[in-house]
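K.L.:
The sequence and its predicted three-dimensional model are supplied below.
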Amino acid sequence: MFSKDTMQKDGKLPTLQQVSERESPHYLSSSLVLGLRHQQQSNHAKLKGAVGESCTGHLSTWPAHLSSQIVPQRRKPHSPTENKIHGCGEEFSSSVSKPRFLEQLETYLRKELQSLDPSKPNAQELKLQAYQEVFEYFIEDFKTYKPLLSAIKNEYDITLAYLRDQIRTLEPLKAMVVTVSEQCNQKILALREDERAEIKALKQEKVQLLKRIDQLRENQLGLQAQLARMQEDLAHQYLLYRDEADSRKLLISEINEMRFLEDDLKHLQTQAVAVEDPVKMKLALKVAREDLTRLQVELNCMKADYGEVVPRRDFTALEKNHKEALAKKATLQKDFDQLKEEYDTLLDIHKQVSDQRDKVSTQLEHIKGRLTPRPQWQKCAEVVSGGDDRWHLLSEGLSSDQLVDVLLAEIGGKDIREKEFFDGLGKGDAVPVYLRYEGTIKNLKLKKIEIVDKIKDIWKEKVPADQQKGERRSLDEFFHEYLQKKHADSASKWAYSIQEGCRLYRDDDFINLFFNILTGKVDEGVYHGQIHLISHLLKELMHSDSSEKGSLSKEKFRQALSRAFPLKNQEQIEELIQAAESQQGHLEDLNTINYEVLFSEFAEDQVGNFLTLLRKQATAEKQKYLAALTKELGSRTEVKVADLRTAFQSIDPTVDPQTVERYICLAFQMEKEDLEQAAPVDVNSAMQRLLAADVKRTGPGPKED
């Protein structure tokens, strides 16, 4: 970039005009670092010839204690005293002389720095460029330290280039940060506006409440004043009453005194008359005795004449009662006569029926001796699939010959009473959603294995669908959607045919449970509880099977059962072991139990004895648990939420609060949030709901603890 002639003519570094073409922003790019290095090497070669070979590879002995500041950090163009270079000032010019190469470097650096415009945006980069050039000239002059100094400078250049790239990369992020900051500020302002409106509404409500409080206080003060006034009136009235009572007592005492004075006066007057006229008193006494005798005679006559006479009031009342009694007697006599006639008629009828009975009995005895005894068809219910209900349905209104055909059809595996067509139940709200159809529907006559497979497929799709939605839907709604999805136009045929098949094969526990859940008699949690019970036992058995052969010894099998069901007693455990042994078939090792055979329920149509017994024990344990709950409730006819919660915690101390709340919701048929306002329910109804749900004991009872 600098010509050789220029370097040799004056023996100085290139001037600012000669390097002006490198002041563009592109010069500082990291991509041109290597090119700049080659140019500086060539410039250094030229500078070497101008300076001389004597100083190559040697350090200068110029005093090191002098300042190395070439250009002051703060320059004032109008103050020449502050524009001097430390280390090159006049205070050292006369005593110590600098090396020529150092003076050239300082002169070049001073010119480069003084020619820069600080107001430019890239002024700092241009300033750094000048220092880089001087430093490279300095490195090139010292061959001994050149590798180390070049390595140091290269690391600094690479680091600067890396930092510049990082700055360019972070520039868009800075704008993004500014935008996000503005959005956050806007959100904060919006929240403040909302809070301001809410605070304003709360302040208004506060003002209204304060006014209401002031009004209530004024009413209270008014009532207190009225109460004080009434108390004063009451006290005044009480004083008046006391005065009146005292006055009355004084008046009574005065009246009594006056009466006593009057009696004393009369007594004194009588004594005075007796003293004054004793003859007159004797005459008066005689007249009084005559009058007394006369009155006594009249009184005796009145008693003799009217002793048996009653008052007219009593006579009227007795006469009225007599008439009513006569009327009742006439009515009762009439009813009695009618009943007597009916009784006579019944006696005649009874006599006729007795005669007919005797004749029929005689004929029956005569027939029994000659004819075959009539079969007891009710015994067939014990062997027919479906039990008493299905046999009653099959045998209703049939003769003996027809009953024989029905029994033969059952033995042969056919159902001659299955309907060919169903009558639709309509589309009313009372009809289940999956049976809403008007018209005639053909019976598909599904076999038992087909119904079992269909039920398995329904449960297989319903469980993940409920988990995906986060809530458990009712089985009838999902059953309707399942049939619409799988069979579309023939969904009603499948719905009626599956329901008829469930009714016919209700002796199968799996089908019966599905049918009861579908009709709402049993909660769906019972099915999931049975699945959880079986899967929990299977996991425990697999965990105990370290050899993974699918079989365990009797002792390990017993231990696994005890761990899986810690609440079962030894008798129940032994019953399960016996059921498992009966299901093993013919095995060479009688002390080994193949537990995989016990869980073949879902692969075949038949249910194993082991799982059947396990379900029966679970049902019996639930019934025992609810019986203890009923006993704890005592003689109550209705139960409240708090009473039921206390009863659960009393008979099952280890039960967690969430399980208790779930049981209470099942008993009251409402959500947890509405339990506080729940009215008492009948104890029998609550027990029936719990019996139809998945309820079980979680820990030992108080006596077993």
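P.N.:
Sure, I can see it.
K.L.:
what about Phe422, which SS state?
P.N.:
The assignment at Phe422 comes out as strand when based on DSSP: H, G, I helix; E, B strand; the rest coil.
K.L.:
Could you measure from it over to Glu500?
P.N.:
7 Å (Cβ to Cβ, to the nearest Å). In short, each C-beta sits where N, CA and C put it, glycine included.
K.L.:
and for these two, which residues touch both?
P.N.:
Each of Asn443 lies in contact with both Phe422 and Glu500 under the rule Cβ atoms under 8 Å, 6 or more residues apart in numbering.
K.L.:
so Thr440 sits right up against Ser492, yeah?
P.N.:
No. Taking contacts as Cβ atoms under 8 Å, Thr440 lies outside contact range of Ser492: 10.5 Å.
K.L.:
Common neighbours of these two, please.
P.N.:
Gly424.
K.L.:
what's the closest non-adjacent residue to Leu518?
P.N.:
Leu475 (5.4 Å; Cβ to Cβ, 6 or more residues apart in numbering).
K.L.:
For that neighbour, give me the pLDDT.
P.N.:
Leu475 carries a pLDDT value of 87.
K.L.:
so it makes contact with Val463?
P.N.:
No. Taking contacts as Cβ under 8 Å, Leu475 lies outside contact range of Val463: 11.5 Å.
K.L.:
Out of those two, name the residue with the larger neighbour count.
P.N.:
The neighbour comparison of Leu475 against Val463 (other Cβ atoms under 10 Å) goes to Leu475, with 20 against 14.
K.L.:
my read is Asp523 is in a strand, agree?
P.N.:
No. Checked against three-state DSSP, Asp523 lies outside a strand; its state is coil.
K.L.:
which SS class is Pro118?
P.N.:
Classification of Pro118 using three-state DSSP returns coil.
K.L.:
Check it and give its pLDDT.
P.N.:
Taking Pro118 on its own, its pLDDT is 78.
K.L.:
again, but for Asp423
P.N.:
As predicted, Asp423 sits at a pLDDT of 84.
K.L.:
Distance check, the residue nearest to it when sequence neighbours are not counted against Ala667.
P.N.:
Nearest residue to Asp423, sequence neighbours excluded (Cβ to Cβ, 6+ apart): Thr440, at 6.4 Å. Here the criterion is Cβ to Cβ. By it, Thr440 lies 43 Å from Ala667.
K.L.:
So these two - more neighbours on which side?
P.N.:
Counted by other Cβ under 10 Å, Thr440 and Ala667 do not tie: Ala667 has more neighbours, with 24 against 10.
K.L.:
Which secondary structure state does that one sit in?
P.N.:
Under three-state DSSP, Ala667 comes out as helix.
K.L.:
That one and Leu690: what is the separation?
P.N.:
Applying Cβ to Cβ to Ala667 and Leu690 gives a distance of 6 Å.
K.L.:
Asp337 now?
P.N.:
Distance from Asp337 to Leu690, by Cβ to Cβ: 60 Å.
K.L.:
quick one: which of the two has more around it?
P.N.:
The neighbour count for Asp337 versus Leu690, taken as other Cβ under 10 Å, is higher for Leu690 (21 against 10).
K.L.:
And the helix or strand harbouring the more buried one, what's buried?
P.N.:
Element membership for Leu690, per DSSP states H and E: helix 683-691. Neighbour counts over helix 683-691 (16 or more other Cβ atoms under 10 Å) mark 683, 686-687, 689-691 as buried.
K.L.:
Just the pLDDT for the residue of the chain positioned farthest from its centre.
P.N.:
Ranking residues of the chain by C-alpha distance from their mean position (Cα atoms, centre = their mean) puts Val279 at the top, at 117.1 Å. Model confidence at Val279, given as pLDDT, is 81.
K.L.:
any low-confidence regions in the stretch 151-300 of the chain?
P.N.:
Along the stretch 151-300 of the chain, segments meeting pLDDT under 70 span 270-277.
K.L.:
Helices of that one, start to end?
P.N.:
Along the stretch 151-300 of the chain, the stretches classed as helices by DSSP state H, counting those that start in this stretch are 278-306.
K.L.:
Tally up the residues packed near Asn256, please.
P.N.:
Counted with other Cβ under 10 Å, Asn256 comes out at 10.
K.L.:
and if you look at the one 4 residues further on?
P.N.:
When counting by other Cβ under 10 Å, one arrives at 10 neighbours for Phe260.
K.L.:
And Leu446, by the same measure?
P.N.:
Per other Cβ under 10 Å, the neighbour tally for Leu446 reads 19.
K.L.:
where along this structure do the strands fall?
P.N.:
Under the criterion DSSP state E, strands of the chain are mapped to 421-423, 440-442, 552-553, 592-593, 638-639, 681-682.
K.L.:
Of all the ones you listed, which one comes closest to Glu193?
P.N.:
Evaluated over the strands of the chain, closeness to Glu193 peaks at strand 681-682, with 50.0 Å, by Cβ to Cβ.
K.L.:
Below-threshold pLDDT in the stretch 1-150 of the chain: ranges please.
P.N.:
Checking the stretch 1-150 of the chain against pLDDT under 70 turns up 1-96.
K.L.:
swap in the stretch 551-700 of the chain?
P.N.:
If you take pLDDT under 70 as the line, the stretch 551-700 of the chain has these spans: 585-590, 600-607.
K.L.:
One more pass at 80, please.
P.N.:
583-591, 595, 597-609 (pLDDT under 80).
K.L.:
show me where it has helices.
P.N.:
Using DSSP H, counting those that start in this stretch, helices in the stretch 551-700 of the chain cover 554-564, 570-582, 595-598, 609-633, 641-651, 657-668, 683-691.
K.L.:
quick one, which of the ones you listed is nearest to Lys469?
P.N.:
helix 657-668 (19.3 Å).
K.L.:
starting at the chain centroid, how far to the closest one?
P.N.:
11 Å (Cα atoms, centre = their mean, to the nearest Å).
K.L.:
so what does it touch, helix or strand wise?
P.N.:
Identification of packing neighbours for helix 657-668 by 3 or more Cβ pairs under 8 Å, 6 or more residues apart in numbering; DSSP states H and E yields helix 641-651, helix 683-691.
K.L.:
quick one, which of the ones you listed is nearest to Asp305?
P.N.:
Short answer: helix 683-691, nearest of the helices and strands packed on helix 657-668 by Cβ to Cβ, at 75.6 Å.
K.L.:
Run the chain-centre distance for stretch 624-638.
P.N.:
27 Å.
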